[in-house]
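In: Got a predicted structure plus its sequence, pasted below:
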Amino acid sequence: MTVLNAIGAIAATALASGSVAALVTHFLTNDRERRSLLRQKAEDLYVSVEALETSWSIEVVSLKSVVDGVINYNQYLDLIIERGKKDDGNLNRRVDMLTEIYFPSAVSDLNAVRDALSKYNRLVSVHKEAYRAGQADGFSWHQDFAPNVGAVSAAFANYKRVVVRCAQSSFTPLRVRT
């Protein structure tokens, strides 16, 4: 019986070792795949935020031309409409979706961008109404718009830093072989 016991013990040990190895491999593979997916989504989010900020920056430059008297509001709106044809709103939805699904801890930073954009947009609306009434001469780019533009730019910069941290936290550290 000792030979049978020894064979049984060896078989049980081999079976247990194989099961543990398979389980560990499964979890390591799943973790690696999850990290890879998160890294890819963080990169997609960063590129989308960059595109959104660039689009907004083009709008700011166009509005500055209105405030400075270089173009009129109709020309400005034509530029906005033309740009809008290229971006049908998918960019905003993509940023929202990637943030809310994959990086919920960054939602408050995205909300800070939204809040800064809302304040900027309210100022644009006030300027537009004053422009229509022929009273836009009292607006100064430096005094009225620059602080809001700076706040939006800072919110975008902060949000992009958060996205970078999300991407960096998804990297699998490399082991150095000695």
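Out: Yep, it's here. Numbers count the residues shown, from 1 in each chain.

In: In the protein, mark out all the helices, start to finish.
Out: Secondary structure of the chain, counting by DSSP state H: helices at 2-67, 73-86, 90-102, 107-132, 146-169.

In: Mind checking these for the one nearest to residue 138?
Out: helix 107-132 (7.1 Å; Cβ to Cβ). All C-beta atoms are positioned from the backbone trio N, CA, C, and that covers glycine.

In: on contacts alone, who are the packing partners of that closest one?
Out: Judged by 3 or more Cβ pairs under 8 Å, 6 or more residues apart in numbering; DSSP states H and E, the packing partners of helix 107-132 are helix 2-67, helix 73-86, helix 90-102, helix 146-169.

In: could you redo those as CSV and give each row mean pLDDT?
Out: Conversion of these to CSV gives the following (pLDDT from 0 to 100):
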stretch, mean pLDDT
helix 2-67, 76
helix 73-86, 82
helix 90-102, 92
helix 146-169, 92
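
In: With distance to residue 131 and mean neighbour count as new columns, can these be given to me in JSON lines?
Out: Listed next are these as JSON lines, based on distance: least, Cβ to Cβ, whole Å; neighbours: other Cβ atoms under 10 Å:
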{"stretch": "helix 2-67", "distance to residue 131": "7", "mean neighbour count": "13"}
{"stretch": "helix 73-86", "distance to residue 131": "5", "mean neighbour count": "12"}
{"stretch": "helix 90-102", "distance to residue 131": "26", "mean neighbour count": "15"}
{"stretch": "helix 146-169", "distance to residue 131": "17", "mean neighbour count": "17"}
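
In: Which of those sits closest to residue 112?
Out: Of the helices and strands packed on helix 107-132, nearest to residue 112 by Cβ to Cβ is helix 146-169, at 4.8 Å.

In: now that closest one against helix 107-132, angle please.
Out: On the basis of axes from the mean of the first three to the mean of the last three Cα atoms, to 10 degrees, helix 146-169 is oriented at 160 degrees to helix 107-132.
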